[in-house]
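Visitor: mind looking at a prediction? Sequence and model below.
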Amino acid sequence: MRHGKKFNHLGRKSAHRKALLANMASSLIVHKRIHTTLAKAKALRLFVEPLITKSKEDSTHSRRVVFRYLRDKDAVTELYREVAIKVADRPGGYTRILRTGNRLGDNAEMCFIELVDYNENMLNEPKKVAKKTRRRKPSAKKTQASVVEANVAKEKVEPKAEKKETTEDKKSE
């Protein structure tokens, strides 16, 4: 039984899984966006977000801790020079998963996983406000009120018309 076991093993032994996540994390940091399966992306998110949080504090110890996980000198340098500065004020949620559909060969769910602050298309796009409409019958009170308003409007128009007729009648006489 899997009581309380929340970690996805991805069908691999622990050494293989750690190497896979380290390679994917360093690729994500260098390229800012990678295309992978949904299960791997969710596992990668759990792996890489604590490392990005750790990179906010630039000390020798934190660099060594991150290097122990990533095992890639260039990725660590990129993480501390660019990514950590860009996400300094963000309190978490550094990655975004965008589903792209299923793979043709084995029907696996595919997605993009990207760093949130690096997707320029989504940053520049203005937020659209959803139009709030309801499709329902008009209530009886509203219909009666609109009938009353229409009658009042007609009354206002009719006396002016009558006055014009009387003035025209006087002119003709």
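Guide: Noted; the coordinates are in hand. Numbering: from 1, shown residues only.
Visitor: correct me, but residue 22 touches residue 67?
Guide: No. Using CB atoms under 8 Å as the test, residue 22 is too far from residue 67 to be in contact (10.3 Å). Using the backbone N, CA and C atoms, a C-beta is placed for each residue, glycine as well.
Visitor: ok, the spatially closest residue to residue 17 that is not a sequence neighbour - how many residues close by?
Guide: Counting by CB to CB, 6 or more residues apart in numbering, residue 10 is the residue found nearest to residue 17 once chain neighbours are left out, at 5.6 Å. Counted by other CB atoms under 10 Å, the residues lying close to residue 10 total 14.
Visitor: list the contacts of residue 10.
Guide: Neighbouring residues of residue 10 by CB atoms under 8 Å, 6 or more residues apart in numbering: 17, 20, 39, 40, 43.
Visitor: give me that answer again for 7 Å
Guide: 17, 39, 40, 43 (CB atoms under 7 Å, 6 or more residues apart in numbering).
Visitor: and it, how far from residue 129?
Guide: Going from residue 10 to residue 129 by CB to CB, to the nearest Å gives 40 Å.
Visitor: centroid-nearest residue for the protein?
Guide: By CA atoms, centre = their mean, the chain has its centre lying nearest to residue 96, at 7.7 Å.
Visitor: tell me the pLDDT at that residue?
Guide: The score at residue 96 is 96. That number is its pLDDT.
Visitor: ok, it to residue 83 distance?
Guide: 14 Å.
Visitor: thinking again about what came up before, tell me the SS of the residue nearest to the centre of the chain?
Guide: Here residue 96 is recorded as strand under DSSP: H, G, I helix; E, B strand; the rest coil.
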